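Student: Need a 3D model of the following:
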Amino acid sequence: MTNSPWINFAGLVMLAIVPYVLAAQGTMLAGRTGLFIVAQEGIMLVGASVGFLGAYHFQNLAAGLGLALLVGGLFGLILAYFTTTLKMDQFVVGLAVFFLGLGLSNLLFKIVIGITLQPPRIPTLKAWSVPFLADIPILGPILFRQNGLVYFSILLSFFLYYVLYYTGTGLALRATGENPKAADSLGVHVTRYRYVTAIFGGMLMALAGAFLPMVYTGTYTDGIVRGRGWLAIALTFFGGWKPHTILLGSFFFAGVEILALRVQVTAIGLPHQFLRMLPYLGTILVMTLAFRGARPPAFLGQNYDRESRTTSS
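Tutor: Model (predicted):
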């Protein structure tokens with residue numbers, strides 16, 4: 001039963017949700033304070049590059065993850081500074097940060113490693129079986145024989161749900177993205193919330209990128225993210241800007257991705273370009289329905305000027 005193709009497929013889907021969950025939760029968290037980040041792809045690429053280089057240089061995966069978190073936080077800080085302090089257009093800044101990450105990720109790899117025919121490799125994260133639970137028929141191999149980042153992404157989603165809807169901090173955070181003027185009048189530090197969520201969101205996005213070489217490939221390659229950052233934005237809307245529904249929606253995105261890979265290795269004669277298009281095609285089809293019921297934070301994408309108590313684009 002453990003070797004059943006369906007169980008193996010479900011286990012791979014559980015693994016594939018991680019970059020979607022982490023990047024989308026980071027997007028959601030910043031968006032809840034009104035900051036709409038569109039630099040996910042670039043931040044994930046930098047996280048993948050720095051994470052790999054750190055793990056390779058220090059021969060330690062934890063060091064690579066730590067460096068990825070650090071650079072992700074730095075990118076989040078840049079986003080917060082230019083949009084919240086300097087009041088620059090969020091979409092323009094996001095695109096600039098995306099291109100910065102796109103170029104920097106490849107540049108760092110070439111500076112440290114150089115141009116090689118066979119890039120170096122690092123050991124990948126090993127699965128950790130939860131005692132007793134891993135022995136449960138069917139569910140055990142799927143849910144409880146995964147690596148630590150799978151467990152972390154799921155627990156993070158539940159934690160964010162609790163913080164957002166059951167704590168005073170979460171209430172203030174949501175108020176910042178809905179009506180910052182009212183929140184500010186009640187003593188909520190709007191700027192501080194935007195900075196904190198941007199930094200933490202950037203860290204999650206970089207961690208999502210670092211997951212790819214540390215779990216999937218064992219090395220860094222150009223374009224390793226393969227559009228997952230853009231899909232994370234769609235997932236955030238698909239999940240209605242809520243942590244629990246984002247987690248549920250990630251199974252659809254990951255399922256389509258794994259299905260496309262499975263079909264690609266079978267001899268059915270379909271062009272691989274078409275199969276690589278499936279995740280985006282599925283996204284378009286689902287989003288035509290999801291966008292109708294999705295309500296983003298009311299102040300999403302707008303800058304708040306405390307002095308004038310007005311918005312600035």
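
Student: which secondary element of the chain has the worst mean pLDDT?
Tutor: The least trusted helix or strand in the chain, going by mean pLDDT, DSSP states H and E, turns out to be strand 310-312, with a mean of 50.

Student: measure residue 194 to residue 36 for me?
Tutor: 11 Å (C-beta to C-beta, to the nearest Å). All C-beta spots, glycine's among them, are computed from the backbone N, C-alpha and C.

Student: Residue 72 contacts residue 48, doesn't it?
Tutor: No. If you go by C-beta atoms under 8 Å, residue 72 and residue 48 don't touch, sitting 10.8 Å apart.

Student: got the buried residues for the strand or helix carrying residue 54?
Tutor: Using DSSP states H and E, residue 54 sits within helix 40-58. For helix 40-58, the neighbour count (16 or more other C-beta atoms under 10 Å) marks 40-56 as buried.

Student: Okay, strands next: where are they in the protein?
Tutor: Listed in chain order, the strands of the chain (DSSP state E) span 128-129, 145-146, 303-305, 310-312.

Student: now, of those, which is deepest in the fold?
Tutor: Scoring the strands of the chain by mean neighbour count under mean count of other C-beta atoms under 10 Å gives strand 145-146 as the most buried, with a mean of 20.

Student: List the contacts of it.
Tutor: With contacts defined as C-beta atoms under 8 Å, 6 or more residues apart in numbering, strand 145-146 is touched by 11, 14, 15, 127, 128, 129, 130, 134.

Student: Stretch 279-289 too?
Tutor: With C-beta under 8 Å, 6+ apart as the test, stretch 279-289 has contacts from 227, 231, 234, 237, 238, 252, 253, 256, 257, 260.

Student: burial of the closest residue to the last one other than its chain neighbours, as a residue count?
Tutor: Counting by C-beta to C-beta, 6 or more residues apart in numbering, the nearest residue to residue 260 once its immediate chain neighbours are dropped is residue 278, at 4.2 Å. Close neighbours of residue 278, defined as other C-beta atoms under 10 Å, add up to 17.

Student: how near is residue 278 to residue 104?
Tutor: Taken as C-beta to C-beta, the span from residue 278 to residue 104 is 30 Å.

Student: How about the contacts made by residue 217?
Tutor: residue 224.

Student: Report the separation between it and residue 18.
Tutor: 14 Å.

Student: Residue 112 too?
Tutor: The gap separating residue 112 from residue 18 is 25 Å, by C-beta to C-beta.

Student: Just the pLDDT at the residue nearest to residue 297 when sequence neighbours are not counted, thanks.
Tutor: Closest residue in space to residue 297, ignoring its immediate chain neighbours: residue 177 at 3.5 Å, by C-beta to C-beta, 6+ apart. According to the prediction, residue 177 has pLDDT 96.

Student: what's the burial count for residue 177?
Tutor: By other C-beta under 10 Å, the residues close to residue 177 number 27.

Student: for it, what are its contacts?
Tutor: 31, 32, 33, 34, 297, 298, 299, 300.

Student: Spit out the contact partners of the second one.
Tutor: Which is residue 32. By C-beta under 8 Å, 6+ apart, the residues touching residue 32 are 164, 173, 174, 176, 177, 197, 241, 297.

Student: tell me the pLDDT at the third one?
Tutor: So that's residue 174. Per-residue pLDDT puts residue 174 at 96.

Student: where along this structure do the helices fall?
Tutor: Assigned by DSSP state H, the chain shows helices spanning 5-31, 40-58, 61-80, 90-112, 139-143, 148-166, 168-178, 180-185, 190-211, 228-238, 243-264, 272-293.

Student: Out of those helices, which is the most enclosed?
Tutor: The highest average neighbour count among the helices of the chain, using mean count of other C-beta under 10 Å, belongs to helix 40-58 at a mean of 28.

Student: quick one: average confidence on it?
Tutor: Across helix 40-58, pLDDT averages out at 97.

Student: what angle do that helix and helix 228-238 make?
Tutor: Put simply, helix 40-58 runs at 130 degrees to helix 228-238, going by axes from the mean of the first three to the mean of the last three C-alpha atoms, to 10 degrees.

Student: and helix 40-58, what other elements does it pack with?
Tutor: On a contact count with 3 or more C-beta pairs under 8 Å, 6 or more residues apart in numbering; DSSP states H and E, helix 40-58 meets helix 5-31, helix 61-80, helix 90-112, helix 190-211, helix 228-238.

Student: Save those helices as a markdown table, and put in distance to residue 247 and mean pLDDT too.
Tutor: Converted to a markdown table, the helices and strands packed on helix 40-58 look like this (distance: least, C-beta to C-beta, whole Å; pLDDT from 0 to 100):
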| stretch | distance to residue 247 | mean pLDDT |
| --- | --- | --- |
| helix 5-31 | 6 | 95 |
| helix 61-80 | 20 | 97 |
| helix 90-112 | 24 | 96 |
| helix 190-211 | 13 | 97 |
| helix 228-238 | 10 | 93 |
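
Student: Brilliant, that's me finished.
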